[in-house]
Every structure is written in structure tokens, then in C-alpha cells.
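# structure here, sequence nowhere to be found:
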């Protein structure tokens with residue numbers, strides 16, 4: 001069947017843009033200014049400043065902070081700034097071999113508390129509404145549970161898995177890890193000082209292997225769709241900028257999360273004390289991706305079973321995979337709308 005004239009002309013324009021301009025995606029970052037800095041911590045305020053209580057965007061480890069600012073027209077940060085809110089971002093930067101001794105304690109005890117305090121201070125002492133993705137959600141919840149004195153007003157957790165037994169990707173590895181007492185990966189991450197960025201990138205790609213395999217066909221099929229092609233370019237840049245996991249942190253995630261599944265009970269031993277998610281005492285919005293292989297719906301929804309003291313807990317399933325539920329094209333009218341509704345009730349402008 002011959003292609004329609006409109007398809008051919010649109011495809012030609014898109015191909016020309018890729019060849020002559022290097023791509024279709026507008027990858028310019030949303031304007032921002034540095035307001036605080038420390039080890040593995042840079043806190044930015046997006047401009048122009050908005051009204052209401054500040055919103056702090058918290059990425060996971062290993063993934064670049066640009067997950068919240070993927071591209072113009074498909075950026076969580078740009079969207080929230082456009083609604084008139086005052087928006088901030090914490091960026092961990094690149095992790096080096098020298099950081100191999102850093103554990104989750106560093107982020108829960110140091111990075112996130114100081115980021116929250118810096119945002120509140122910069123916003124004139126107002127309480128902070130945290131919006132976090134993946135491991136960023138877990139770390140934010142642990143921080144809120146451990147530090148009730150912090151000025152955290154609400155917490156939105158997107159695609160943060162709590163029950164690791166509900167993750168199909170983990171199922172084939174766990175019996176072998178249990179049989180070897182966890183030593184199937186331990187020597188490797190200790191020798192390398194963590195999980196190298198190349199390995200993190202490959203693991204992320206494997207989690208969506210079906211899309212990787214069918215990508216050439218998808219490009220040809222949507223050659224007339226500039227927005228689709230721009231999204232692919234933005235996701236490729238995101239994947240290329242994956243960071244490494246520090247050795248100690250990777251070991252904790254491997255042994256405590258995946259092998260022991262400690263978080264399923266809502267508790268984690270960290271830094272010589274036990275932190276219970278049941279102590280989180282702020283409103284929480286929980287969002288899962290409908291096709292997320294890294295954080296399936298059941299693994300995310302388990303959060304509802306352990307947030308006993310939260311005055312309000314909402315749960316929604318939105319379209320998309322692990323990154324797509326946060327920053328996919330469909331997220332603009334689904335996930336972001338849920339976040340907007342939640343913030344409007346707890347942080348009216």
C-alpha cells in the first residue's frame with residue numbers, strides 16, 4: 001500500500017530535521033539557578049519563581065536528574081513551573097570510584113534532609129512538597145519517616161517498588177542469590193566499587209527489551225510523527241547519561257531490598273537504627289505505571305499497606321513503563337494531572 005502524501009511530506013520534513021539539525025527534540029534545560037551545594041548534592045530553583053509552597057523534585061540514584069526535565073514539551077519541571085508553582089530539583093551529579101563507600105545513609109541522613117532544608121529556607125521558610133521517582137521515592141519516604149522534624153508537607157512517589165517479590169525481573173536471580181548466600185554479585189560490585197554506569201544503562205535497556213528490539217520498526221512506522229521521534233531522542237539522551245551506583249549503596253539495595261525484601265514489611269535498618277515507613281505522617285500520593293517492568297503495579301501498591309500514620313494515601317495507576325509513567329507523552333494528561341490535583345488540594349496557589 002502506497003503511503004499517503006501527507007505522511008510522505010511529514011516524514012521528509014522530520015528526516016531533514018534529523019539530518020540537518022541533528023534531531024527533533026528541544027533538549028534545552030528549563031532555566032534554573034543553583035541555591036545549595038554539598039557532596040553529591042546540587043539544589044536548583046527553576047525560573048521564573050512561582051507562588052505557594054515549594055515543590056522539590058527528587059530523582060533516584062544512577063538515573064540522571066534530567067528525568068524531570070526530559071525535553072521541552074515533555075518536562076515535569078517545565079510543566080509545574082508553567083502552573084505557577086515554585087519548583088526545585090536536587091541533582092546528585094556523577095558518582096566516582098571515590099564515592100564507593102557511600103551508603104543509603106548518605107542520602108537519607110545528609111543529602112535529602114539538607115536539600116529539603118535548603119529549599120524551605122530559599123522559599124522563605126515554607127514547607128516543602130516532595131515529588132520523587134523510583135528509588136528517589138523510597139529514599140524520600142525513609143527520610144520523611146526518620147525525620148518528622150523536616151518541613152515536608154506532602155510526598156508524591158512515582159514508580160517506587162516496595163515489595164520486590166512482585167518484580168518479575170528479580171524472580172530468576174533470587175533463588176541463585178539465596179543459594180550462594182548473595183555472593184553471586186558481591187565480589188563484582190566490591191571489586192568495581194559499585195555498579196558501573198555502563199552496566200546500569202544496559203540493565204535499564206534490558207527492562208524494556210521489547211522496545212529496544214522493535215525500535216527500528218517503530219521509527220519507520222512513526223517517521224511522520226515529530227513528537228514521537230523527539231521523545232525517542234530524549235529517552236536516548238536520558239539512557240546515555242546514566243550514572244554509577246556507589247558500592248556500599250548497591251550492596252544495600254542488592255542484599256536488603258532484593259534478597260531480604262525488608263521494605264515489604266515497611267522497615268529498613270540503616271545507620272544503626274531501624275526506620276519504619278509506618279512513621280510517615282504526611283499526605284502521600286502513590287502512582288504506578290501500567291506497563292512498568294521495573295516497578296510493577298503490585299510492587300508499588302504495597303506501599304498502601306505500610307503507611308499507617310499518613311493522614312491520607314492515594315493510589316493511581318497511570319499509562320507507561322518505568323520512565324514513561326513519569327515523563328512519557330501520555331504522562332502529560334495522566335500522571336501530571338494526578339500530581340496537579342494532589343498539589344492543588346495540599347498546596348493551593
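Sure, I can see it. Computed from a prediction, not measured in an experiment: that's the story for all the values here. Numbers count the residues shown, from 1 in each chain.
# any idea which residue sits dead centre in the protein?
Nearest to the geometric centre of the chain sits residue 133, at 2.9 Å (Cα atoms, centre = their mean).
# separation between residue 268 and residue 239?
Noted for residue 268: a distance of 29 Å to residue 239, by Cβ to Cβ, to the nearest Å. All C-beta spots, glycine's among them, are computed from the backbone N, C-alpha and C.
# what's the neighbour count on residue 119?
Using other Cβ atoms under 10 Å as the criterion, residue 119 is surrounded by 29 other residues.
# tell me the pLDDT at it?
In this model, residue 119 is scored at 98, pLDDT.
# so it sits against residue 56, correct?
Yes. The pair residue 119 and residue 56 qualifies as a contact (Cβ atoms under 8 Å) at a distance of 5.0 Å.
# between the two, what contacts are shared?
Taking Cβ atoms under 8 Å, 6 or more residues apart in numbering as the contact criterion, the residues that touch both residue 119 and residue 56 are 88, 128.
# pLDDT weak spots in the stretch 1-150 of the chain?
For the stretch 1-150 of the chain, applying pLDDT under 70 flags the ranges 1-5, 8, 11-17, 19-20, 97.
# how about low-confidence regions in the stretch 151-300 of the chain?
In the stretch 151-300 of the chain (pLDDT under 70), the answer is 169-219.
# the strands in it, which residues?
Listed in chain order, the strands of the stretch 151-300 of the chain (DSSP state E, counting those that start in this stretch) span residues 152-158, 194-195, 245-246, 267-270, 273-276, 284-289.
# would you format the ones you listed as a markdown table with mean neighbour count included?
Below are those laid out as a markdown table (neighbours: other Cβ atoms under 10 Å):
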| stretch | mean neighbour count |
| --- | --- |
| strand 152-158 | 25 |
| strand 194-195 | 28 |
| strand 245-246 | 28 |
| strand 267-270 | 18 |
| strand 273-276 | 14 |
| strand 284-289 | 25 |
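# give me phi/psi at the nearest residue in space to residue 340 that is not next to it in sequence?
Counting by Cβ to Cβ, 6 or more residues apart in numbering, residue 83 is the residue found nearest to residue 340 once chain neighbours are left out, at 6.5 Å. Dihedral angles phi and psi of residue 83 (degrees, to the nearest 10) take the values phi -80, psi 0.
# residue 83 reaches residue 341, doesn't it?
No. Using Cβ under 8 Å, residue 83 is not in contact with residue 341; the gap is 11.4 Å.
# quick one, which of those two is more surrounded?
Shown here are residue 83 and residue 341; by other Cβ under 10 Å, residue 83 has more neighbours (17 against 13).
# mind checking how far the residue nearest to the centre of the chain is from residue 348?
24 Å.
# what's the local residue count around the residue nearest to residue 277 when sequence neighbours are not counted?
Nearest non-adjacent residue to residue 277, counting by Cβ to Cβ, 6+ apart: residue 266, 4.3 Å away. By other Cβ under 10 Å, the residues close to residue 266 number 21.
# distance of residue 266 from residue 27?
Here the criterion is Cβ to Cβ. By it, residue 266 lies 39 Å from residue 27.
# also residue 101?
Using Cβ to Cβ, one obtains 34 Å as the distance from residue 101 to residue 27.
# more neighbours, these two?
residue 27 (15 against 12).
# wait, doesn't that one sit right on residue 234?
Yes. In terms of Cβ under 8 Å, residue 27 counts as a neighbour of residue 234; the distance is 6.6 Å.
# overlap in contacts of these two?
Residues touching both residue 27 and residue 234 (Cβ under 8 Å, 6+ apart) are residue 71.
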